[in-house]
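**Q** Sequence below, structure please.
(2 chains)
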Amino acid sequence: MPTHESPSIRLKTIAGFSIQYLQFMDHHGNLTQAIPNDITPETLLKLYRAMTLTRLFDTKAINLQRTGQMGTYPSCHGQEAIGAAIGLMMRKEDVFYPYYRDHATFLLRGTPMSDILTYWGGDERGSAFESQPDNQDFPICVPIADQCLHAAGGAFAFQYRNQKRVAVTTIGEGGTSQGDFYEAINLAGAWQLPVVFVVNNNQWAISTPIHAQTACKAIAQKAIAAGFEGIQVDGNDVIAMIHSMKYALDKAREGKGPTLIEAITYRICDHTTADDAKRYIPPKEFDAAFAFEPLKRLRAYLEKELGWDDTQEQAMLKELNDELQAIVKQFLERPKAAITDMFDYLYETLPEQFISQREELTAWNNIND
Amino acid sequence: MTNITLVEAVNQALAYEMAHDENVVVFGEDIARNGGVFRTTVGLVEKFGPRRVLDTPLAESMIGGIAIGMSAQGLKPVAEFQFMGFIYPAIDHILNQASRMRNRTRGRLSCPIVFRAPYGGGIHAPEHHSESTESIFAHIPGLRVVIPSSPARAYGLLLAAIRNPDPVVFLEPKRIYRWVKQEVLDDGNALPLDKCFVLREGSHITLITWGAMIKETLEAAEELSKKGIHAEIIDVATLKPIDYDTILQSVEKTGRCVIIHEAARHCGVGAEIAATIAEQGIFFLRAPIKRVTGYDTVMPYYKMEKCYLPSTHKITTTAQQLMEYA
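**A** Numbering: from 1, shown residues only, chains lettered A, B, ... in the order given. All right, here's what the predicted structure looks like:
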């Protein structure tokens, strides 16, 4: 409230805040500060490999869609460092509540990537993770921000049972405009839940740019309103991402409450295969974003610091392409699901009132075949 | 054994199940220290502590959403919405998530949740506090919708709902929260879901209803019996899925039926029941199927709510008209 017009009115400051930003590696792969000791060359190579496979996976998935072998697909081009850091730093017993640009996280949590293709191929079995019946991670969440509340509920269950587990959820910057996001962070603060909110701020919610989404200076500051820490991180700097994830996960595990990590990145792709970003992203801005994408700078860093060379790169690419081929084969060769599945998993036991509809479905589809 | 009201029966069922299953957690707005605005949760926080009986921040979508995360971790959340008029922000979670989680993960995750809310008119409540929108929920695949109509059925059906492995929307008829007292044995015995209850046997006409309209329907049956018309009363109790066997058997016997609900007529659950009777029991009928329901207009604020709600007289008159068919 301005006081210069009424100098007799006195105000006192009762709270203040600041948002911190973390980066270790600039656009060119040069260190901006010394990296933490616990980050080993093996870790960085593992991340590089996962991020590269994610890039190849996305490219392949788009091709599958373009050739009519798969449905609409949201790529995570340019945002691989965020998902990879989450996937690497979470423990097996933690639970992931994804949105829909988390392919790198699934990959590093050991989720069969053919299941992800199965999902986007229009088949619910893609969320069944049949080879991992104990997997408690949530399925991909399409309604925006619902997953934040599911994560809060899961985190409550961990807290209730005194388990040292953490719920991790992801959301886009556009999703943080949703009421469910605010309701989730508010509860997480009030109940000091062991949950980490990671915001993939890729600047665009389909066609809506960040400045039209919010007047906040940083999405991270939304956590302040909920009474906990929000930090902004260079989301294309995988070192900064794993460091901040480790910090937030450790903190939650020790019972010290939630953290919001705003990961700054850029969506160097369409929203999904059903979208055409050329309609709304200025070409200059879009092209410029390739200069600071995460893979290029990590490779530059690895070349400078670890002597990564083209022979190693080519050998890795060959391995990853073979891996990818096996994933795609598994997806394409998966036998069809039974049509009765649409009834058989609706309830634990299908109420007898719906059995005749299940029979009707079978009868009509046999005729049509 | 003591005589208790429907409110007390809800409380008794919650307490019983909390005492026997530590996965049961109860939460909502003002339910702990205050015991809920209708006092259904009174005493629970004292018995089971603030970790299991939780006052939440004031946000209904959150109440629906966290129940999903809790239940997928094996808890048995009983989420209270203070009034049905405030459940709508949570419909996204009930429809998009809770009702489909088992199906969309092909059985890997499930959501055994009870979403509780008091519903219906007739208590002179503020605006937005008196609607009966059960058909919105009855339309959603994967859900169960349960409405008790007496203390004994509130106790038995709520226990069944909490023990059910799938999500249940449990709507409490607040107009009859304290209407009658009944002997209810606190023995932990659940009543069956997906079953109708025949509350009164009769051979001339079937009156089909649920929830608070049981009161007027029972009164109407009394009136009719004085005129020599013996009405059978069916309490539908589970509105999804509906026990059509019981309904059709009754209609086969009587040849006449009136469906009574206080919800608006269009796409009300009565329409579904009428359609099924027409599809499967049309040759049993000696008279048209009739509905006595709320009107297809906004539930009026309390000065006019009595004119909106189906009256005993209207039920009696409609039944008598049907008796005039040969």
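**Q** Can the lengthiest helix in chain B be said to contact chain A?
**A** In chain B, taking DSSP state H as the definition, the longest helix is helix B:6-20. No: Helix B:6-20 stays out of contact with chain A when judged by CB under 8 Å from any CB of the partner chain, the minimum separation being 13.3 Å. The way it works is simple: take the backbone N, C-alpha and C, and place the C-beta from them, glycine included.
**Q** which helices and strands sit right next to that helix?
**A** Judged by 3 or more CB pairs under 8 Å, 6 or more residues apart in numbering or on different chains; DSSP states H and E, helix B:6-20 is in contact with strand B:24-28, helix B:44-48, helix B:151-163, strand B:168-173.
**Q** Identify whichever of the ones you listed lies nearest to chain A.
**A** strand B:24-28 (7.1 Å; CB to the nearest CB).
**Q** Now that closest one: buried residues?
**A** B:24-28 (16 or more other CB atoms under 10 Å in any protein chain shown).
**Q** Please apply the same query to stretch A:326-336.
**A** If you call a residue buried by 16+ other CB under 10 Å, then stretch A:326-336 has these buried ones: A:327-328, A:331, A:334.
**Q** quick one: the helices in the chain?
**A** If you meant another chain, say so; for now it's chain A. A:41-66, A:80-89, A:103-108, A:113-120, A:146-160, A:179-190, A:210-213, A:222-225, A:238-253, A:283-289, A:294-306, A:310-332, A:341-344, A:355-368.
**Q** Not quite, go with chain B.
**A** Using DSSP H, the helices of chain B run over B:6-20, B:44-48, B:60-72, B:91, B:101-104, B:134-138, B:151-163, B:214-226, B:244-254, B:269-281, B:305-308, B:312-323.
**Q** Bridge partners for the closest residue to residue A:197 other than its chain neighbours, pull those for me.
**A** Here the nearest residue to residue A:197 in space, its sequence neighbours aside, is residue A:260; by CB to CB, 6 or more residues apart in numbering or on different chains that works out to 4.5 Å. Assessed by DSSP bridges, residue A:260 has beta-bridge partners residue A:197, residue A:230.
**Q** returning to what we had before: so which of the helices of chain A is nearest chain B?
**A** Closest among the helices of chain A, using CB to the nearest CB: helix A:146-160, at 2.3 Å.
**Q** show me the residues around the closest residue to residue A:251 other than its chain neighbours that make contact.
**A** Of all residues not flanking residue A:251 in the chain, residue A:259 sits nearest, at 6.0 Å (CB to CB, 6+ apart). Listed by CB atoms under 8 Å, 6 or more residues apart in numbering or on different chains, the contact set of residue A:259 reads A:196-197, A:223, A:228-231, A:247-248, A:251-252.
**Q** Residue 133: how many residues sit nearby?
**A** By default, I'm working from chain A. 9 (other CB atoms under 10 Å in any protein chain shown).
**Q** please go with chain B instead
**A** 20.
**Q** Next, find the distance separating it from residue B:294.
**A** According to CB to CB, to the nearest Å, residue B:133 stands 11 Å off from residue B:294.
**Q** hey, what's in contact with both of these two?
**A** By CB under 8 Å, 6+ apart, residue B:133 and residue B:294 have these common neighbours: residue B:263.
**Q** got a list of what residue B:273 touches?
**A** B:208, B:236, B:242, B:247, B:259.
**Q** Show me which residues of the stretch 151-300 of chain B sit near chain A.
**A** So far as CB under 8 Å from any CB goes, the stretch 151-300 of chain B lies against chain A at B:165-166, B:194, B:241-244.
**Q** Could you check the pLDDT of residue 90?
**A** Because you didn't say which chain, this covers chain A. What the model reports as pLDDT for residue A:90 is 98.
**Q** not what I meant, chain B
**A** In this model, residue B:90 carries a pLDDT of 98.
**Q** Return the residues in contact with it.
**A** With CB under 8 Å, 6+ apart, residue B:90 has these contacts: B:60-61, B:63-65, B:81, B:115.
**Q** out of those, who has the most neighbours?
**A** residue B:65 (32 neighbours).
**Q** show me the contacts for it.
**A** Residue B:65 neighbours (CB under 8 Å, 6+ apart): A:146, A:148-150, A:152-153, A:180, A:183-184, B:90, B:93, B:97.
**Q** rerun at 10 Å
**A** A:145-153, A:180, A:183-184, A:187, B:59, B:79, B:89-90, B:92-94, B:97-98 (CB atoms under 10 Å, 6 or more residues apart in numbering or on different chains).
**Q** could I get the helices and strands packed on helix B:6-20 as TSV with mean pLDDT?
**A** Shown next, in TSV, are the helices and strands packed on helix B:6-20 (pLDDT from 0 to 100):
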stretch	mean pLDDT
strand B:24-28	98
helix B:44-48	98
helix B:151-163	98
strand B:168-173	98
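**Q** Mind putting these into JSON lines with distance to residue B:321?
**A** Listed next are the helices and strands packed on helix B:6-20 as JSON lines, based on distance: least, CB to CB, whole Å:
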{"stretch": "strand B:24-28", "distance to residue B:321": "44"}
{"stretch": "helix B:44-48", "distance to residue B:321": "48"}
{"stretch": "helix B:151-163", "distance to residue B:321": "30"}
{"stretch": "strand B:168-173", "distance to residue B:321": "27"}
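**Q** between these, which one is nearest to residue B:322?
**A** With CB to CB as the measure, strand B:168-173 is the member of these nearest residue B:322 (25.5 Å).
**Q** Verify the contact between residue B:21 and residue B:77 for me.
**A** No: between residue B:21 and residue B:77 there is no contact under CB atoms under 10 Å: 11.9 Å.
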